[in-house]
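>>> model this:
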Amino acid sequence: MPFSLASPPRVLHTLLVLEALSHFLPRLSFLYSDGASLDYFIHLASSFTCNHTLTWLGAPSTSDINFISHRLFIQWNTNSIRGSRARALPDRALVNCQYSSATFSTGERKRRPHGDRKSYEMGLQLRQTFEAAILTQLHPRSQIDIYVQVLQADGGTYAACVNAATLAVLDAGIPMRDFVCACSAGFVDGTALADLSHVEEAAGGPQLALALLPASGQIALLEMDARLHEDHLEQVLEAAARAARDVHTLLDSCTVLSYVAGIAWFLALAFPPLTQRTYMSENAMGSTMVEEQFTGGDRARVFARDFAAHRRKSGALPVAWLERTMRSVGLEVYTQSFSRKLPFPDETHERYMVSGTNVYGILRAPRAASTESLVLTVPCGPDSTNSQAVGLLLALAAHFRGQIYWAKDIIFLVTEHDLLGTEAWLEAYHDVNVTGGCTGPALAPLSGPLLTGLALAAHLPVLTGMQSSPLQGRAGAIQAAVALELSSDVVTSLDVAVEGLNGQLPNLDLLNLFQTFCQKGGLLCTLQGKLQPQDWTSIDGPLQGLQTLLLMVLQQASGRPHGPHGLFLRYRVEALTLRGINSFRQYKYDLAAVGKALEGMFRKLNHLLERLHQSFFFYLLPALSRFVSIGLYMPAAGFLLLLHEVGAGPEETGGASGPSPPPSLAQGMGLASLAAPLLISQAVGLALYVLPALGQHVAAQHFPVAEAEAVVLTLLAIYAAGLALPHNTHRVVSAQAPDRGWMALKLVALIYLALQLACITLTNFSLGFLLAATMVPAAALTKPYGPRPLYAALLVLTSPAAILLGSLFLWRELQEAPLSLAEGWQLFLVALAQGVLEHHIYGAVLFPLLSLGLYPCWLLFWNVLFWK
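Residues are numbered from 1 along each chain as shown. Down below sits the predicted model:
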């Protein structure tokens, strides 16, 4: 006989919503259609008399009028145990459950004494249920107290108590084998009913209470209060089991809803009110009442023509001409020679052994003690046309020399070989590189790109591989820097770059200062090459802002220094890179207008009494006039990281059906079999990090490829080999691995992934969010049964290499320059080589992060998928 549900399986449907929202709102009030209100309150309190004490209060719902209040009081690893110490067990935790109901919980208004028979039986049933689900062996000599109090009962009391206590135990962080989902069922008038109400219970007939572990299919408790013919038992039991599984499905859907909420939250960041107007936080730069007096546009063009002519004549940076010109305008002029052997040839810039000379002049503050300084730098690469920027730098130096209001030294720096020259100068200025004769503390130097960042933070000397001469002239501590790149003496807009090395960003006030003086001078300024929207009230403005926001996220996630300013940020110097764009727009600006904007910025920075610190260091920019603070964009990543379960489902063991006794942790999970997958996955990641740079010469000797191509091909070969090596590696240790060992392996992989993503998100939100948005769904769905080819395809599409390839296509699509498949693949190979090269030269952490962390973690999920 087919059965029907008297009402939809409503167990915990409101409770799940309240549990999710309780993390954001301390108190919620819901009004039902019949006028009844539900107050949901969570209180966490610490006890100073007992260690590790947590109190959890709440009032979840199981049906329209069923309200349950429960309190969980837990203690572990402590000698202060509630009750008698004689009850403590040496090998496992003791579970104690107490049930009570309020006098007004039923229509009888009957006062029940504490410890009556009904309460005792209910507490005993709850204890038996949770003893089967909680991993009590993990907390020996401890006691877990679960207190349940019914405020209003309308049927299904046991099921509501079990479901409420399950969420309380999970919220407290107590390890369990599986969720415990309970539901009541009955047989009324020849129909199997689930989730019985008080009216349905009063109608008479046999009633059944079922507590199920849905992932494994095991029954924690099954009780009937009347006889039922065996012909109808299967129908009633199936009705209760289906309702319990529906509760588990709702728990699964919460994870899906959490992921959707994270993506939706991120997309909403470009819309008001999540995006806010920028404002100046530093009082010293709050006003633009500065009269710019720079009129040296013609002089800048003359300097630019002479510089270009001498550069063409010498074929390199005209060092002698720059020295003479800087001295003629009244600067203290110094030079610095440097050389750097790259780990492998840089085919993009066609260089391997790099040597050059930096030229810099110092304008001393007339009324200060040279304790602070500002930097205006112009990078000059072998293939870059930055003559106009050099001319403007020299013209500004001549103009600044005639002013007497400077309270900080100003350094005018011209570097050769783009970022390499900037890195050499910064290392020598801050006494970082000890190989070039720079004096530093009497400590052993640290070498290697991974240790460089740690040494910089601890102010220790490092061995970076840069050979440079010591600086003969210095100014004070650098407060701020501006890098200038101009390709023409006429610009239509100024584009600002803010993304630095490893996703660092300058203080938002420096960006606000640039925008303020661009608006004052009528200069058109852009971000990511995009004009800022004018109308934020219509849908077009936020959509354009979302495009700019996505471009910034992709740029920041790459971890590359997108200009010389990115290397200044590494030394805690706030910096920007300004690029003059000459397009087909109708507005044209000469060098005088750009010079006035720079003069205003430097005069305002000259007023600073301390480093920029008032405004934000962590933000996202949908436009130059709009920003999203860290407090508003972090919830998007938080939603993605809410993995509520490890995705463990029932094993397909075949054979006899029915519940089996729960195995012990060591036998059921096979912890010993996890050593081989973990060690081999990490070994493959270590090989991916070390072998490409070390084995380039061997590969170049045996194959007709260049060194740079050998590095990329070695990367791809090791990456592809990793897909086959970890298969069934658990059998290296155990010839007969347990069937449930994949659950333990997936649990370890999920914890490993969650820790990595959380740490990455805190330092580089863009990279963490991008990885979480792609890797979390595949990680949650991976299991060794079901549609395995679909899971394998999803895992491959969310692997680190596939994420990088997809990001390149998305980046070019947002720039309105889409790529073909062949072009995308070539750009992908170039990105691999540049990523390895920038790690070894500048210390970019994206390559070691992917090879030593995320790729081995991804291999663990690949091993879970092919667990046999």
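>>> Surely Val236 touches Gly186?
Yes. In terms of C-beta atoms under 8 Å, Val236 counts as a neighbour of Gly186; the distance is 6.9 Å. All C-beta atoms are positioned from the backbone trio N, CA, C, and that covers glycine.
>>> okay, and the helix or strand of this protein with the least pLDDT?
strand 37-41 (a mean of 28; mean pLDDT, DSSP states H and E).
>>> Mutual contacts of Val236 and Gly186, please.
Common neighbours of Val236 and Gly186 are listed as Ala192, Pro206, Leu208 (criterion: C-beta atoms under 8 Å, 6 or more residues apart in numbering).
>>> Mind checking which of these land in strands?
Ala192, Leu208 (DSSP state E).
>>> how about the strands in the stretch 201-350 of the chain?
Assigned by DSSP state E, counting those that start in this stretch, the stretch 201-350 of the chain shows strands spanning 207-213, 218-224, 276-277, 332-346.
>>> between the ones you listed, which one is nearest to Leu624?
strand 276-277 (10.8 Å; C-beta to C-beta).
>>> So what are the sheet partners of the closest one and their directions?
Strand 276-277 pairs in its sheet with strand 626-629 (antiparallel), by DSSP bridges.
>>> contacts for the partner strand?
269, 274-278, 508, 532, 536, 545, 549, 616, 618-622.
>>> could you flag which of those residues are buried?
Buried members of the contacts of strand 626-629, scored by 16 or more other C-beta atoms under 10 Å, are 269, 274-275, 278, 508, 532, 536, 545, 549, 616, 618-622.
>>> Between the residues you listed, which sits nearest Val491?
Gln532 (17.2 Å).
>>> Quick check, Gln293 in contact with Gly595.
No. Using C-beta under 8 Å, Gln293 is not in contact with Gly595; the gap is 10.1 Å.
>>> Pull up the overlap in contacts between these two.
With C-beta under 8 Å, 6+ apart, Gln293 and Gly595 have common neighbours His399.
>>> which regions of the stretch 751-868 of the chain sit below the pLDDT cut-off?
868 (pLDDT under 70).
>>> give me that answer again for 90
751, 777, 779-789, 815-817, 819, 833, 837, 840-843, 863-868 (pLDDT under 90).
>>> Pull out the buried residues from the longest helix seen in the chain.
Longest helix of the chain, by residue count under DSSP state H: helix 230-267. For helix 230-267, the neighbour count (16+ other C-beta under 10 Å) marks 232, 235-237, 239-248, 250-251, 254-255, 257-259, 261-262, 265-266 as buried.
>>> now stretch 483-494
Ala483, Leu484, Glu485, Leu486, Asp489, Val491, Thr492, Ser493, Leu494.
>>> so who does the closest residue to the third one other than its chain neighbours touch?
So the one you mean is Glu485. Counting by C-beta to C-beta, 6 or more residues apart in numbering, Glu485 lies nearest to Arg579, which is 4.6 Å off, once chain neighbours are set aside. With contact set as C-beta under 8 Å, 6+ apart, Arg579 has these partners: Glu485, Leu486, Leu494, Asp495, Val496, Ala497, Gly563.
>>> just curious, which of those is nearest to Leu523?
Leu494 (5.8 Å).
>>> sec struct for that closest one, please.
strand (DSSP: H, G, I helix; E, B strand; the rest coil).
>>> Contacts for the helix or strand containing Leu543, please.
Using DSSP states H and E, Leu543 falls within helix 540-558. With contact meaning C-beta under 8 Å, 6+ apart, helix 540-558 is reached by 267, 269-272, 275, 498-499, 503, 505, 527-528, 530, 532-536, 562, 620-623, 626, 628, 764-767, 769-770, 807, 810-811, 814-815, 846.
>>> Show me which positions of that helix end up buried.
541-542, 544-558.
>>> Report whether Leu621 is found in a strand, as I expect.
Yes. Checked against three-state DSSP, Leu621 lies within a strand.
>>> wait, doesn't it sit right on Val498?
Yes. Counting by C-beta under 8 Å, Leu621 touches Val498, with 7.2 Å between them.
>>> what residues are shared contacts of these two?
Leu511, Met552.
>>> Now stretch 406-423: buried residues?
Applying 16+ other C-beta under 10 Å to stretch 406-423 flags 406, 408-423 as buried.
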